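S.K.: sequence unknown, structure follows:
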């Protein structure tokens, strides 16, 4: 698909690599947005599967496809390519295995247009299934909400919840590759803005579902089809999800703190204090080579 015929207010960027099984659901969740003044760039990271065919199956003229000539190994280069191609005043990201609620772009645009914010972000729900590696890393948790609180957020928001002014790139630069930063590139990108006091504003809506991956198979589809059907068929879906999140959070507060949860909270407070000093928490483990997290993630999913 070719470039958009006119400028849009928002450019949505989906970076993808050989995961067409979930890509189709991500695209569908962009196209059902109640806010319609957007263009979508799906940027393949040297895809060799049927991702191009999946993108072309959507006839909406706002949907555009570009495949990089070779795989770069992370979403940084696809994101940068999307930013360079963007006609929008604002940039929104969606990971190829996440889903937006229909009001996602509307509430973000309303917020950033009515404030002096540089970044606006919503609340994300992590969907953790029995097969996910995250269930082993955080055994006290079920599905949970991710809500960074600025100005001292110990961890930045996920890309899929975030909208930012396109011209912010002129000040902080583009996304870095994993080997060029101690933090994961997403955290590094948002942290650079945080450290020069750019304004992040939380929009208090749950608008993103993030599906944790599994080492059992990178390309396997997870619970995306089930949740898409629930969103469409149940007008009270998001209210039920919020109620469940509140109940689990309250139950967690009532339980005794085990050591692993205490250690996690202690690390978060340490990160918060470092951020106040404008020190990237990732630099504390200076003996680890840049890109370590991504290398581990790729090996665990048999991508290397």
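M.R.: Yep, it's here. Note that the coordinates shown come from a computational prediction; the quantities given were computed from them, not determined experimentally. Residues are numbered from 1 along each chain as shown.

S.K.: where do the helices sit along the stretch 51-200 of the chain?
M.R.: Applying DSSP state H, counting those that start in this stretch to the stretch 51-200 of the chain gives helices spanning 51-56, 76-85, 104-113, 133-137, 169-172, 185-195.

S.K.: turn those into TSV, columns for mean neighbour count and mean pLDDT.
M.R.: To be clear about C-beta, it is placed using only N, CA and C from the backbone, and glycine gets the same treatment. Shown next, in TSV, are the helices of the stretch 51-200 of the chain (neighbours: other Cβ atoms under 10 Å; pLDDT from 0 to 100):
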stretch	mean neighbour count	mean pLDDT
helix 51-56	18	98
helix 76-85	21	98
helix 104-113	20	98
helix 133-137	13	49
helix 169-172	14	97
helix 185-195	21	97
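
S.K.: how about those, which one is nearest residue 225?
M.R.: helix 51-56 (14.3 Å; Cβ to Cβ).

S.K.: who are the packing partners of the closest one?
M.R.: Helix 51-56 is packed against helix 20-31, strand 38-44, strand 63-67, with contacts defined by 3 or more Cβ pairs under 8 Å, 6 or more residues apart in numbering; DSSP states H and E.

S.K.: show the contacting residues for residue 241.
M.R.: With contact set as Cβ atoms under 8 Å, 6 or more residues apart in numbering, residue 241 has these partners: 125, 206.

S.K.: residues of the helix or strand hosting it that come out buried?
M.R.: If you go by DSSP states H and E, residue 241 is part of helix 237-254. By 16 or more other Cβ atoms under 10 Å, the buried positions in helix 237-254 come out as 238, 241, 245.

S.K.: how about stretch 66-76?
M.R.: Neighbour counts using 16+ other Cβ under 10 Å place 66, 67, 68, 72, 73, 74, 75, 76 of stretch 66-76 among the buried residues.

S.K.: let me know the closest of those residues to residue 122.
M.R.: Taking the buried residues of stretch 66-76 together and measuring to residue 122 by Cβ to Cβ, the closest member is residue 75, at 19.6 Å.

S.K.: to residue 7, which of the helices of the stretch 51-200 of the chain lies closest?
M.R.: Comparing the helices of the stretch 51-200 of the chain under Cβ to Cβ, the one sitting nearest is helix 76-85, at 12.0 Å.

S.K.: what distance separates that closest one from the centre of its chain?
M.R.: 15 Å (Cα atoms, centre = their mean, to the nearest Å).

S.K.: list the helices and strands that helix packs on?
M.R.: Using 3+ Cβ pairs under 8 Å, 6+ apart, helix 76-85 sits against strand 10-16, strand 38-44, strand 63-67, strand 90-93.

S.K.: may I ask which helix or strand of this protein has the lowest mean pLDDT?
M.R.: helix 133-137 (a mean of 49; mean pLDDT, DSSP states H and E).

S.K.: residue with max distance from the center of the chain?
M.R.: Most distant residue from the mean C-alpha position of the chain: residue 256, 31.5 Å away (Cα atoms, centre = their mean).

S.K.: on that earlier part again, closest to residue 18 out of the buried residues of stretch 66-76?
M.R.: residue 67 (11.0 Å).
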